[in-house]
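Asker: Fold the stuff below for me.
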Amino acid sequence: MAILEVGAVSKSFGNKYAVHNMSLAAEQGDIVCLLGPSGCGKTTLLRLIAGLEEPDQGYIKFDGEPFKNQPAQDRGFGLMFQDLALFPHMNVFRNVAFGLHMKRLPKQEIRSRVEQLLELVSLVGYEDRKIYQLSGGERQRVALARSLAPQPRLLMFDEPFGSLDRELSEALQVDVRNIIKTVGVTAIYVTHDRNEAFGMADSIVVMENGTNVQAGSPHELFTNPKSEIVAKSLGLRNVFSARFEKISKAVTLISPIGTLKIDPNKDYAYKDGSEVLAIIDQKAISISLQKGKNTYQGNTLEGVVEMLRFQGPYTEIIVRCGKATLSCLATPQELSNPEMIDAKVYVTIPSYAVRLLSKE
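Answerer: Predicted structure coming up:
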């Protein structure tokens, strides 16, 4: 049974919905990531769950108990924002102990709890340091310890690593996930970064226009996105709407980049004329300046190079084919001409590189 339930919740500001008919569920001890672009309603939903806003419609339940006009401070939830909101005039100990003092706990109990948490977040010996004396990562750990101190029933994060460099952010993601799992608290985690969601989440809820467009484990979503919006949110680049055609033993896709022959030996569940989503693996595509070089491998389309983007071990090559662009990844060895902008090329797409999904 889900510990947190959000059912058909809507919230509007003026005549515009920030959250619309939104539902989700979180199991005890799970980390649920809300993933989507800026303005899709993630933070508003978090504020609704926290009690900082009240929904216009729908319900929010925790452990079977519905919330209705219950103040945020009475819900027993913890909330960690991107700006951390640490108190600069207090040292580390007093920041972590703040919520415990508010609960008027005995001094010895407060000290014991703070010491446990500082050990948990690897900040033993930092008790007397001022906030300005800490690095960005250390401040994140203090904020996490402070959020955990009152033993919240639910812990919520709103883009907590958004201001950090990628290397530090990735290191903290591992640490924070391990800490959350050690404590066993249920967490709702807001991010626009798919890699962060993949690294943190037990389940991901993809949001668009204030609603849940698909939910599942990172693996489930990545292998079976139900829409173009979800596929692109998860970083899949070559996603096209296409028409499935089967005539005798030949199976083809009519797509914006051209007509593609796909493996006729697979058992497709689509009827002739069905609308499908075609996802093409970037790394499986080969590019040649000469016609016919790789045609034995599969479909060959003619195109024009629009852009090159260096990405470390790969260069992304954006090729205009037909009415759309195709993203291809090439190693330095495969990239025969680094100055190939506007060059006519021949793109070969093996049949195995094309994945079909039902279009919803």
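
Asker: Tell me how far I287 lies from V304.
Answerer: 11 Å (CB to CB, to the nearest Å). Every C-beta, even on glycine, is put in place using the N, C-alpha and C of the backbone.

Asker: Excluding chain neighbours, what is closest to I254?
Answerer: If the residues on either side of it in the chain are set aside, I254 comes closest to R243, at 4.3 Å by CB to CB, 6 or more residues apart in numbering.

Asker: how close does that neighbour sit to G58?
Answerer: Noted for R243: a distance of 38 Å to G58, by CB to CB.

Asker: What of L357?
Answerer: Taken as CB to CB, the span from L357 to G58 is 30 Å.

Asker: and if you look at Y132?
Answerer: From Y132 over to G58 the distance is 43 Å, taken as CB to CB.

Asker: Of the two, which one has the most company?
Answerer: Neighbours per residue, other CB atoms under 10 Å: of Y132 and G58, the larger number sits with G58, 17 against 8.

Asker: can you tell me how far the more buried one sits from S203?
Answerer: If you measure G58 against S203 using CB to CB, the figure is 20 Å.

Asker: so where's the chain shaky on pLDDT?
Answerer: 292-297, 334-338, 360 (pLDDT under 70).

Asker: Got the domain ranges for it?
Answerer: In the domain annotation for the chain, the residue ranges read 4-233, 238-358 (automatic domain parsing).

Asker: ok, and which of those has the densest surroundings?
Answerer: Per residue and on average, the most neighbours among these fall to domain 4-233, with a mean of 18 (mean count of other CB atoms under 10 Å).

Asker: Now find how far off-centre it is within its chain.
Answerer: 14 Å (CA atoms, centre = their mean, to the nearest Å).

Asker: Can you check the distance spanned by that domain, start to finish?
Answerer: The first and final residues of domain 4-233 sit 24 Å from each other (CA to CA, to the nearest Å).

Asker: Kindly report the same for stretch 314-327.
Answerer: Counting by CA to CA, the terminal residues of stretch 314-327 are separated by 12 Å.

Asker: can you list the residues that contact that stretch?
Answerer: For stretch 314-327, the external contacting residues (CB atoms under 8 Å, 6 or more residues apart in numbering) are 237-238, 240, 255-258, 280, 282-283, 285, 287, 301-309, 328-332, 335, 338, 340, 345, 347.

Asker: just stretch 211-229 next, same as before
Answerer: Taking CB under 8 Å, 6+ apart as the criterion, the residues outside stretch 211-229 that touch it are 19-24, 41, 197-198, 201-208, 230-231, 234, 236, 239, 241, 277, 279, 357-360.

Asker: can you do 6 Å?
Answerer: Identification of contacts with stretch 211-229 by CB atoms under 6 Å, 6 or more residues apart in numbering yields 20-24, 198, 201, 203-206, 208, 230-231, 234, 239, 360.

Asker: Now the spatially most central residue of the chain. Nearest residue, chain neighbours left out?
Answerer: With the centre of the chain defined as its mean C-alpha position, the nearest residue by CA atoms, centre = their mean is R194, 3.3 Å away. Sequence neighbours aside, G235 is the residue nearest to R194 in space, at 5.1 Å (criterion: CB to CB, 6+ apart).

Asker: Surely that neighbour forms part of a helix?
Answerer: No - G235 is assigned coil when assessed by DSSP: H, G, I helix; E, B strand; the rest coil, not a helix.

Asker: Looks like it contacts E196 (just checking).
Answerer: No - using CB atoms under 6 Å as the test, G235 is too far from E196 to be in contact (11.7 Å).
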